[in-house]
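Asker: got a sequence here, can you model it:
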Amino acid sequence: MLEHVDLPLILAAGLIGVASPGPSTLAIAGTSMDYGRRRGLALATGITCGSLTWSISAALGLGTVMLANAWVFEVLRWAGAVYLAWLAVRSARAALRPGLVATRAVRARSTAQTVLQGFALHVTNPKAILFFGALYSLGVPADATASELAVVVAAVGLQSALVVHGYALLFSNRVATAAYLRLRRWFEGAFAIAFGAASFAVLTAKLR
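Answerer: Below is the predicted model:
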């Protein structure tokens, strides 16, 4: 069923992207710490829906366009590599910067509004579509079948949901939050290395 797709590579790259600090993870952290576990999980649910929206759009768009235009793969590959390299630089700078990470809580009147705000936060992020584009170009060839794309979307979506909801549970625990803040610079350094490796992998990938 996954004859043409490198699913482990896609999941590894996707894990780096979804687990690394960014607007969504900072929002989950701030909301969970300030408003509790229930509100944090609601925000994570909205972010998961936004992530699935971009993932499906990238899968369908790339699967159609690249079948007719192989050069699109090369453009996307280079754009994705540049974006991943930028993330590596940003993480490296954060690792070298002293002080605590600034979190941003999402303020909403109800759980439903928190879900909608999480969705809006992720679906309006222009960097998300570029990330998913790079993710699919890394392990999904132009001749991937519809069933293969569906498996990839489902697997990436499930992994993203587990990670972001895990963040909500983690940051609603004050002991775990304090431990993370103490080790923040080490985490940022690890993310810098991981993003750099992912950028190199995209650059050296071959169109199959």
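
Asker: count of neighbours near residue 143?
Answerer: Neighbours of residue 143 under the rule other Cβ atoms under 10 Å: 11. Where you see a C-beta, it was placed from the backbone N, CA and C, and this is true even at glycine.

Asker: distance of it relative to residue 11?
Answerer: 21 Å (Cβ to Cβ, to the nearest Å).

Asker: so where does residue 151 fall, helix or strand?
Answerer: helix 146-171 (DSSP states H and E).

Asker: please apply the same query to residue 144.
Answerer: Per DSSP H and E, there is no helix or strand for residue 144.

Asker: tell me the pLDDT of it.
Answerer: Per-residue pLDDT puts residue 144 at 74.

Asker: circling back to that earlier point, the helix holding residue 151 packs against which elements?
Answerer: helix 7-19, helix 23-35, helix 37-68, helix 126-139, helix 174-182 (3 or more Cβ pairs under 8 Å, 6 or more residues apart in numbering; DSSP states H and E).

Asker: which one of those lies closest to residue 190?
Answerer: helix 7-19 (9.7 Å; Cβ to Cβ).

Asker: for the closest one, buried residues please.
Answerer: Of all the residues in helix 7-19, those buried under the rule 16 or more other Cβ atoms under 10 Å are 7, 9, 10, 11, 12, 13, 14, 15, 16, 17, 18, 19.

Asker: what's the closest of those residues to residue 75?
Answerer: residue 13 (18.5 Å).

Asker: how close does the closest one sit to residue 29?
Answerer: According to Cβ to Cβ, residue 13 stands 23 Å off from residue 29.

Asker: likewise residue 16?
Answerer: Residue 16 is 18 Å from residue 29, by Cβ to Cβ.

Asker: again with residue 160
Answerer: 16 Å.

Asker: can you list the buried residues of helix 7-19 in a markdown table and add distance to residue 54 and pLDDT?
Answerer: As requested, the buried residues of helix 7-19 are exported to a markdown table (distance: Cβ to Cβ, whole Å; pLDDT from 0 to 100):
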| residue | distance to residue 54 | pLDDT |
| --- | --- | --- |
| 7 | 19 | 80 |
| 9 | 19 | 79 |
| 10 | 15 | 81 |
| 11 | 16 | 85 |
| 12 | 19 | 84 |
| 13 | 15 | 79 |
| 14 | 12 | 82 |
| 15 | 16 | 85 |
| 16 | 16 | 79 |
| 17 | 11 | 77 |
| 18 | 12 | 83 |
| 19 | 17 | 81 |
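
Asker: could those residues go into TSV alongside distance to residue 189?
Answerer: As requested, the buried residues of helix 7-19 are arranged in TSV below (distance: Cβ to Cβ, whole Å):
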residue	distance to residue 189
7	28
9	23
10	24
11	23
12	19
13	19
14	21
15	17
16	14
17	17
18	19
19	14
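
Asker: my read: residue 19 touches residue 162, true?
Answerer: No: applying Cβ atoms under 8 Å as the test, residue 19 and residue 162 come out as separate, 10.3 Å apart.
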